[in-house]
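Trainee: Based on what follows, work out the 3D shape:
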Amino acid sequence: MPTIDISGIPHSYDFTPATHSPDVLVFIHGWLLSRQYWHPLIDQLASTYQCLAYDLRGFGGSCSPAIAQDVLPSVSYSLASYAQDLGQLLESLHLSRVWLVGHSLGGSIALWGAYQFPEQVQGVICINAGGGIYLKEEFDRFRTIGQQIVKLRPRWLAQIPGVELIFLRAGTVRSLSRYWARQRLIDFVTAHPDAALGALLESTTEAEVHRLPQLVAKLHQPLYFIAGAQDSIMAPQYVRHLASFHALFQDRAANVFEIPDCGHLAMLEQPQAVAEIIQTILDGHT
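Mentor: Numbering: from 1, shown residues only. Next up, the predicted model:
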């Protein structure tokens with residue numbers, strides 16, 4: 001498992017062999033997840049595109065026990081700061097032409113990455129990501145529940161047989177395999193508490209939520225959204241709302257793809273459908 005130092009913190013990543021395509025696909029995971037969830041999708045795309053998946057600061061392999069406890073709390077967990085981490089990663093790996101593929105929180109980070117690094121980022125594909133509408137009561141409830149979840153995550157929870165079963169259908173339409181349920185449990189309990197809480201709170205302020213549509217409207221790169229028709233966490237109407245601020249939307253939601261029988265983990269629930277959509281998008285911009 002290779003790592004690369006970004007602002008003093010080792011970041012874990014996976015990088016497939018180079019292909020004939022000049023563009024590299026960079027995959028950005030969501031909250032309390034890790035780069036692992038991209039593997040089924042990467043398996044279908046790696047023969048055509050070089051693929052890079054990495055763990056966000058404080059999550060997955062970028063949350064090593066070797067990291068001093070006073071390192072992570074001293075940094076920002078805003079979307080913009082995570083995009084800065086992304087920029088350093090691209091620079092360190094000498095990547096000059098990339099498409100960003102972000103899931104949920106990772107989709108918002110991808111939007112910031114495209115805004116901050118327009119020369120390197122050729123386009124963005126957001127999966128189960130949207131928003132731009134701030135409903136105070138719902139966000140207050142979401143933030144409260146999120147804070148409780150972060151605080152009540154004893155590491156020994158992962159040692160209890162069968163506990164992973166609660167993740168088989170959490171946020172999904174199709175039941176996941178026990179392997180992925182186990183992976184979700186591991187990532188859930190091992191995420192650094194400051195990163196988990198900080199990413200949640202800093203990405204869901206009223207100012208940050210309202211800033212996303214403004215950001216989308218400023219992007220000159222192609223921007224696409226993939227929604228799960230039965231996504232209970234990021235409903236399709238919120239995906240279409242954010243997508244509507246981009247020039248590609250027009251009046252027909254031309255930059256939105258909706259997958260039937262799919263929840264909030266499209267890349268695990270229907271990796272083939274997601275891969276086909278991504279391939280269609282990229283073929284259109286070759």
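Trainee: I281: how many residues sit nearby?
Mentor: Taking other CB atoms under 10 Å as the neighbour definition, I281 ends up with a count of 18. In this view, the C-beta of every residue, glycine as well, is placed from N, C-alpha and C.
Trainee: Mind listing what's buried along stretch 232-248?
Mentor: Buried positions in stretch 232-248, judged by neighbour count with 16 or more other CB atoms under 10 Å: 233-236, 238-246, 248.
Trainee: Let me see the residues that make contact with that stretch.
Mentor: Defining contact as CB atoms under 8 Å, 6 or more residues apart in numbering, one finds that stretch 232-248 is touched by 104, 126, 128-133, 171, 212-214, 216-217, 219, 222-225, 227-229, 231, 249, 253-256, 258, 263-264.
Trainee: Find the nearest non-adjacent residue to the residue nearest the centre of the chain, please.
Mentor: By CA atoms, centre = their mean, the mean C-alpha position of the chain lies nearest to G106, the distance being 2.4 Å. Excluding the flanking residues, the one nearest G106 by CB to CB, 6 or more residues apart in numbering is I28, at 3.4 Å.
Trainee: Tell me the first helix or strand C-terminal of the longest helix seen in the chain.
Mentor: Ordering each helix of the chain by length in residues (DSSP state H) puts helix 136-151 first. Going down the chain from helix 136-151, the next helix or strand is helix 178-190, by DSSP states H and E.
Trainee: ok, back up a step: can you tell me which of the contacts of stretch 232-248 are in helices?
Mentor: Secondary-structure check on the contacts of stretch 232-248 using DSSP H: residues within helices are L212, P213, Q214, V216, A217.
Trainee: Selection in PyMOL covering whichever of those residues are buried, please.
Mentor: When burial is assessed using 16+ other CB under 10 Å, the buried subset of the ones in helices among the contacts of stretch 232-248 is captured in PyMOL by this command:
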select buried, resi 212+213+216
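Trainee: quick one: which of the ones in helices among the contacts of stretch 232-248 is nearest D187?
Mentor: When the ones in helices among the contacts of stretch 232-248 are ranked by distance to D187 (CB to CB), L212 comes first, at 24.6 Å.
Trainee: Please list all residues in contact with that closest one.
Mentor: With contacts defined as CB under 8 Å, 6+ apart, the neighbours of L212 are S108, L111, G131, G132, L242.
Trainee: now, among the residues you listed, which is nearest to A158?
Mentor: Proximity of those to A158, judged by CB to CB, is greatest for S108, which lies at 27.8 Å.
Trainee: Contact partners for that closest one?
Mentor: By CB under 8 Å, 6+ apart, the residues touching S108 are L79, G102, C126, A129, G131, S203, L212.
Trainee: On the pLDDT front, check the residue sitting furthest away from the middle of the chain for me.
Mentor: Distance from the centre of the chain peaks at P161, with 28.7 Å (CA atoms, centre = their mean). In the predicted model, P161 carries a pLDDT score of 91.
Trainee: Pull up the gap between it and L185, please.
Mentor: 11 Å (CB to CB, to the nearest Å).
Trainee: go on, Q36?
Mentor: Applying CB to CB, the value for Q36 to L185 is 12 Å.
Trainee: quick one on the thing from earlier: any chance of the contacts of L212 in a markdown table, with pLDDT and distance to L282 too?
Mentor: Written out in a markdown table, the entries for those read as follows (pLDDT from 0 to 100; distance: CB to CB, whole Å):
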| residue | pLDDT | distance to L282 |
| --- | --- | --- |
| S108 | 98 | 21 |
| L111 | 98 | 18 |
| G131 | 94 | 25 |
| G132 | 94 | 25 |
| L242 | 98 | 21 |
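Trainee: I appreciate the help and will end here.
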